[in-house]
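Student: what's the 3D shape of this:
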Amino acid sequence: MTESTAEPTAEPTATADDAATEQLHTAMPFTALLGATAVASNAEEVRLRLDWDATRCTAGGLLHGGALMSLADAAGGLCAYLNLPEGATGTATITSATNFLRGVRSGHVEAYARPLTVGRTVIVIDIELHDADGRLAARVTQTQAVLR
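Tutor: Residues are numbered from 1 along each chain as shown. This is a model prediction of the structure:
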């Protein structure tokens, strides 16, 4: 199994975009509680970051899978929103499949969300989560319903 079919478009150590992070937290208040920050966001790719913190961990100092899935869901939702077809008002996650590939014990994780297909009723998003060293930590395929 290969780790990734598409290379991330920027270095995994890029800094947060404060304006985009403020917009993210306003649009999805849970992302502020989670501690997610926006690195980049456009229709082709959304990049969100979550710093490792002991309060976000499970046994053994591993970043909790729920934190990783929440970051992926936020990145996927934003990516789908940025790809809404004309006349649509929003999206809602209807399926999300996560494969955890390596634990994150320090640094941060970045979610790279890219559209696989954009339709009138559903949008499918591919999300890769990379650790601070750029290694693939998880892969998520998500289907978003298009709301009208």
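
Student: Report the buried residues of stretch 39-48.
Tutor: The neighbour-count check on stretch 39-48 (16 or more other Cβ atoms under 10 Å) flags 39, 40, 41, 45, 46, 47, 48 as buried. Every C-beta, even on glycine, is put in place using the N, C-alpha and C of the backbone.

Student: Also stretch 27-42?
Tutor: Buried residues in stretch 27-42, counting neighbours by 16+ other Cβ under 10 Å, are found at 28, 31, 34, 36, 37, 38, 39, 40, 41.

Student: Pairing-wise in the sheet, spell out the partners of the fifth one.
Tutor: In this case it means residue 37. Each beta-bridge partner of residue 37 is listed here: residue 49, as defined by DSSP bridges.

Student: Mind naming the longest helix for the chain?
Tutor: Secondary structure of the chain per DSSP state H: the longest helix is helix 65-81.

Student: Show the residue spans covered by the strands in this protein.
Tutor: For the chain, applying DSSP state E gives strands covering 37-41, 46-51, 90-100, 108-118, 122-131, 136-147.

Student: Adding distance to residue 58 and mean pLDDT, write those strands out as JSON lines.
Tutor: Formatted as JSON lines, the entries for the strands of the chain read as follows, by distance: least, Cβ to Cβ, whole Å; pLDDT from 0 to 100:
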{"stretch": "strand 37-41", "distance to residue 58": "22", "mean pLDDT": "97"}
{"stretch": "strand 46-51", "distance to residue 58": "14", "mean pLDDT": "98"}
{"stretch": "strand 90-100", "distance to residue 58": "12", "mean pLDDT": "97"}
{"stretch": "strand 108-118", "distance to residue 58": "14", "mean pLDDT": "98"}
{"stretch": "strand 122-131", "distance to residue 58": "16", "mean pLDDT": "98"}
{"stretch": "strand 136-147", "distance to residue 58": "14", "mean pLDDT": "98"}
